[in-house]
Every structure is written in structure tokens, then in C-alpha cells.
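Trainee: Got a predicted structure plus its sequence, pasted below:
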Amino acid sequence: AVNNAIRPAVNNAIRPAVNNAIRPFTDQFNAMAATLQNLQITLRNSKLNNAQTNPALPFTPPVKAIAGHPGFPPTDPALQNAVLGARLPAGLAFPAGGLWTNASIMDLTDNQISDLQWFYNEPLGAGQAIHRRREAVIVIFLS
């Protein structure tokens, strides 16, 4: 009876230390899992892009594979809770029609690309002309 009485207190005391000890491994595993998932997604997207049978076929957006965010907030509040391994949220205000195609990516605004930059923690042509930034988004989807 004494063991059962102190077990919760011991578990509560030890659990944070164990969680802190394994966090680097968990974070590394999550990053590797996201990277593997993105390899599958970009392979599919590349096949769609190379097929050229229907240029309106939508791409699958990659998941967030790089932890953290640049030092500026996103303009679209749907992105606020992005974590490693997350998909772009369904409530995102762009692209038009909700489909990621070559055409819809080429219609993205500078602010929308900055939101993607924030989400993916990738430079996406920051400081370059808009057409270069759009090309950088396509590269993220295809490679």
C-alpha cells in the first residue's frame, strides 16, 4: 500500500527529468520523420510535374521539416501553431482555390511567400524579385 501511495509522487518528480533528457532525441527523430515524409511528397509532386498531362494537377505541400521560425510573425493567423512535422493548415487564406498548382504558386504575393518562409523556416528567395521567390516555392514542393 505504501508503494502505491508514493508511486504518483515519484513518477511526477522523475517524468520531467526523463522528458528533458530524451527531448533532443525526440526532436531529432521528428525532424528525420518529417524529412522522410517530404521525400515521399516531393517525389509524388515531381512525377506530377514531369508528367505534364494535366498542368492543373495539385501538388501536395511538404510538411514543416525545419524547427523554428524566422524572426517575424506570419500575416496569416492560421499558421501561428506550426510545429515540426505539421502540414500547412486547411484554413490558409491562399492559394486561390485552395489548390497548390504551378499556376497558383506563380500567383502568390510577396506576403504570402513570406508566410511560407515563416512556416517552413526556409529563405524562399528573401530579398529577391517576386518571380525568383515563386520559383523558390516550387523548388520546395519539388525537391
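Mentor: Thanks, I have it.
Trainee: Which stretches in the chain count as helices?
Mentor: Ranges of helices in the chain, per DSSP state H, are 2-51, 102-106, 110-120, 130-142.
Trainee: mind putting those helices in JSON lines, mean neighbour count, mean pLDDT and distance to Arg87 included?
Mentor: Heads up, the C-betas are built off the backbone N, CA and C, glycines and all. What follows is the helices of the chain, written out as JSON lines (neighbours: other Cβ atoms under 10 Å; pLDDT from 0 to 100; distance: least, Cβ to Cβ, whole Å):
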{"stretch": "helix 2-51", "mean neighbour count": "12", "mean pLDDT": "78", "distance to Arg87": "9"}
{"stretch": "helix 102-106", "mean neighbour count": "17", "mean pLDDT": "86", "distance to Arg87": "17"}
{"stretch": "helix 110-120", "mean neighbour count": "20", "mean pLDDT": "93", "distance to Arg87": "10"}
{"stretch": "helix 130-142", "mean neighbour count": "17", "mean pLDDT": "90", "distance to Arg87": "13"}
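Trainee: Can you convert those helices into a markdown table and add a column each for distance to Ala90?
Mentor: Putting the helices of the chain into a markdown table (distance: least, Cβ to Cβ, whole Å) gives the following:
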| stretch | distance to Ala90 |
| --- | --- |
| helix 2-51 | 16 |
| helix 102-106 | 15 |
| helix 110-120 | 14 |
| helix 130-142 | 17 |
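Trainee: Ile66 is nearest to which of those helices?
Mentor: Nearest to Ile66, of all these, is helix 110-120, at 6.5 Å by Cβ to Cβ.
Trainee: Which neighbouring elements make contact with that closest one?
Mentor: Helices and strands touching helix 110-120, by 3 or more Cβ pairs under 8 Å, 6 or more residues apart in numbering; DSSP states H and E, are helix 130-142.
Trainee: Which strands or helices does the helix it packs on pack on?
Mentor: By 3+ Cβ pairs under 8 Å, 6+ apart, helix 130-142 packs against helix 2-51, helix 102-106, helix 110-120.
Trainee: Turn those into JSON lines, including distance to Thr75.
Mentor: As requested, these are exported to JSON lines (distance: least, Cβ to Cβ, whole Å):
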{"stretch": "helix 2-51", "distance to Thr75": "24"}
{"stretch": "helix 102-106", "distance to Thr75": "18"}
{"stretch": "helix 110-120", "distance to Thr75": "5"}
